[in-house]
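Colleague: Model the following, please.
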Amino acid sequence: MTVRRAMGLLGAAALGVAALSACHGSVDRDARAVVWEPCTDLAAYVADLGVDESTIGRLQCASLDVPLDYDDPDGETVELALSRVVGTDPAVPTLFVNPGGPGVEGRSMAASVAAELGLGGTVVGIDLRGTGYSTSMDCAEPTEPDVRDDGTLTEYADDIAAANRDCVDADPSFVGSLTTATAARDLDTVRQALGLDTIDYLGVSWGTVLGAELQSRFPEHLHRVVLDSMDYTGTSAVDALRALATADPDVLPELVPEPLDVGGTEGDDGITPDQPDVPPGDVPAPDDNDAPLDPDTVNFLDRSFDATGGTGYICNSLEPVGDSAVQLAEHRDLNAEVGRNPQRRIEFPASSDVPGVSLCSGWSLPAEPTAVADTGTELLIVGHRDENVTPYVWALDAHAAMGGRLLTIEDGVHGSTIASSCGGLVKEFLASGRLGQDTCDPH
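Modeller: Residues are numbered from 1 along each chain as shown. Predicted coordinates:
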């Protein structure tokens, strides 16, 4: 889910006046050939992650121009950066993957999944528009305040709101296209460009939201779908925050500070905001050793997470969050109700690094709900019983809405399935559509 503290890339991802890192263009729709070439920085990055040489030797990269606006297919375009690990068995369906965020680059996941699962088929990773090496925007971010009294928090929320308006105004067409629906259209366009009638899909964290949209809109082009650590697919930030806070009561009710204390300065009355864990798997970090990183790896890391893209995707999916007074009041009431330290940030992509202040403050574009439907797709939803990044209840909700099979992992580790002993169940489902057991304890 959110990765705003990972590897020095993370902070309050509010938006400001934008500069495009890749220009919009136009293209002949009949000339969208995908030309695969060797990867340089991506290969160095996944090598530093420990991906084996055999997998890296089959890793290729390409780009594809897609419509900026699918209602205007002959208009401006954006560029998508693609990767694939060429399969060893042409009979195995091609697998598209996405790691979530939103805002995390998607190309490295192709190598990681190909190495972990060893399915035999080709695995494709895509930097969604607004992320990684695809067309993106670089928007300014207001500085997180050092003092956290009510006046400062109100000013900070107002700064985020102003920056959000500036960013949307700088390129409303592009920012408005950062939606789950458009991302699903992009994936289906890549499928068509690769000449594939059907694909498999594996999404983790927010990648499950994209998968829900994909299987709801394009079921006829999907073979099997796996959604690991099922994320929130609704439009209410309040409802999402309630589920997250309920799943993560960090202190006993009798020890919860009075709601008023959330407005104090850091350290008042011995209360120090916790640093929540960054969900594993969202931005994979190279092994912590003394060996210097390859310069190409360093360059890749600089673009591994895009705060502007991530904020666009999450804020375009939510109803308005209210002004600063509403946000702070709801935050205090919620944390008091569930017995949680209100100075601890609730781990949600729409949350800024300051508890009680939303990154979606002042967001001016209307919400576009995620499509969620039972389409009869061969679907496996994976929920982790005790995790608090994407609470288990969201997996139950998705299973009720979309059908399919539900696999319960008896752990609290976000997105851990593939890299654990339970990964064989995912491999079994993708290979045969069968699931040998409904629960798995990776310990």
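Colleague: just for the stretch 201-350 of the chain, where's the confidence low?
Modeller: 249-291 (pLDDT under 70).
Colleague: ok, residue 359 - how many residues close by?
Modeller: By other C-beta atoms under 10 Å, 29 other residues sit near residue 359. Using the backbone N, CA and C atoms, a C-beta is placed for each residue, glycine as well.
Colleague: oh sorry, the question was meant for residue 362
Modeller: 23.
Colleague: Check residue 334 too.
Modeller: 20.
Colleague: same question, residue 53
Modeller: 7.
Colleague: what's the answer for the one 3 residues further on, then?
Modeller: Residues lying near residue 56 (other C-beta under 10 Å) number 18.
Colleague: That one: what's its closest spatial neighbour, skipping adjacent residues?
Modeller: residue 43 (5.4 Å; C-beta to C-beta, 6 or more residues apart in numbering).
Colleague: May I have whichever helix or strand the one you found is part of as CSV, with CA atoms only?
Modeller: Under the criterion of DSSP states H and E, residue 43 resides in helix 41-48. What follows is helix 41-48, C-alpha atoms only, in CSV (Å, rounded to 0.1, in the frame of the first residue of the first chain):
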residue,chain,number,x,y,z
ASP,A,41,19.1,-0.2,-15.1
LEU,A,42,16.2,-2.6,-14.5
ALA,A,43,18.5,-5.6,-14.9
ALA,A,44,21.0,-4.1,-12.5
TYR,A,45,18.3,-3.3,-10.0
VAL,A,46,16.8,-6.8,-9.9
ALA,A,47,20.3,-8.3,-9.8
ASP,A,48,20.9,-6.3,-6.6
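Colleague: now it, how far from the centre of its chain.
Modeller: 21 Å (C-alpha atoms, centre = their mean, to the nearest Å).
Colleague: helices or strands next to that helix in the packing?
Modeller: helix 53-56, strand 59-67, helix 107-117, helix 295-301 (3 or more C-beta pairs under 8 Å, 6 or more residues apart in numbering; DSSP states H and E).
Colleague: Where among these is average confidence lowest?
Modeller: Mean pLDDT values for these show the minimum at helix 295-301, a mean of 84.
Colleague: check contacts around residue 173.
Modeller: 68-69, 76 (C-beta atoms under 8 Å, 6 or more residues apart in numbering).
Colleague: let's see it at 10 Å
Modeller: 24, 68-69, 72, 75-76, 78 (C-beta atoms under 10 Å, 6 or more residues apart in numbering).
Colleague: what's the answer for residue 46, then?
Modeller: Counted by C-beta under 10 Å, 6+ apart, residue 46 has contacts 39, 52, 55-56, 59, 83, 85, 107-112, 114-115, 284, 286, 297, 300.
Colleague: ok, back up a step: let me know the angle separating the helix holding residue 43 from helix 107-117.
Modeller: 40 degrees (axes from the mean of the first three to the mean of the last three C-alpha atoms, to 10 degrees).
Colleague: Not counting sequence-adjacent ones, nearest residue to residue 395?
Modeller: Using C-beta to C-beta, 6+ apart, the nearest residue to residue 395 is residue 383, at 2.6 Å.
Colleague: Torsion angles phi and psi at the one you found?
Modeller: phi -120, psi 140 (degrees, to the nearest 10).
Colleague: pLDDT score assigned to it?
Modeller: For residue 383, pLDDT reads 98.
Colleague: The residue nearest to residue 107 when sequence neighbours are not counted in helix, strand or coil?
Modeller: Nearest residue to residue 107 in three dimensions, chain neighbours excluded: residue 83, at 3.7 Å (C-beta to C-beta, 6+ apart). Using DSSP: H, G, I helix; E, B strand; the rest coil, the structure places residue 83 in strand.
Colleague: Please tell me how far residue 83 sits from residue 172.
Modeller: 30 Å (C-beta to C-beta, to the nearest Å).
Colleague: Between the two, which is the more surrounded one?
Modeller: Higher neighbour count among residue 83 and residue 172: residue 83, with 28 against 12, using other C-beta under 10 Å.
Colleague: so what's that one up against?
Modeller: Residue 83 touches 36, 39, 42-43, 46, 59-62, 97, 105-111, 123-127, 132-133, counting by C-beta under 10 Å, 6+ apart.
Colleague: sorry, back to before: the residue nearest to residue 395 bridge partners, please.
Modeller: In this entry, residue 383 is beta-bridged to residue 408, by DSSP bridges.
Colleague: How about the contacts made by it?
Modeller: By C-beta under 10 Å, 6+ apart, the contact set of residue 383 is 208, 227-230, 390-399, 406-409, 417.
Colleague: Below-threshold pLDDT in the stretch 1-150 of the chain: ranges please.
Modeller: Ranges of the stretch 1-150 of the chain meeting pLDDT under 70: 1-32.
Colleague: neighbours of residue 398, just the number please.
Modeller: 25.
Colleague: Quick check: residue 414 vs residue 306, distance?
Modeller: 20 Å.
Colleague: same question, residue 336
Modeller: Going from residue 336 to residue 306 by C-beta to C-beta gives 35 Å.
Colleague: hang on, the earlier thing: and the contacts of residue 46, which of them are buried?
Modeller: With burial judged by 16 or more other C-beta atoms under 10 Å, the buried subset of the contacts of residue 46 is 39, 55-56, 59, 83, 85, 107-112, 114-115, 284, 286, 297, 300.
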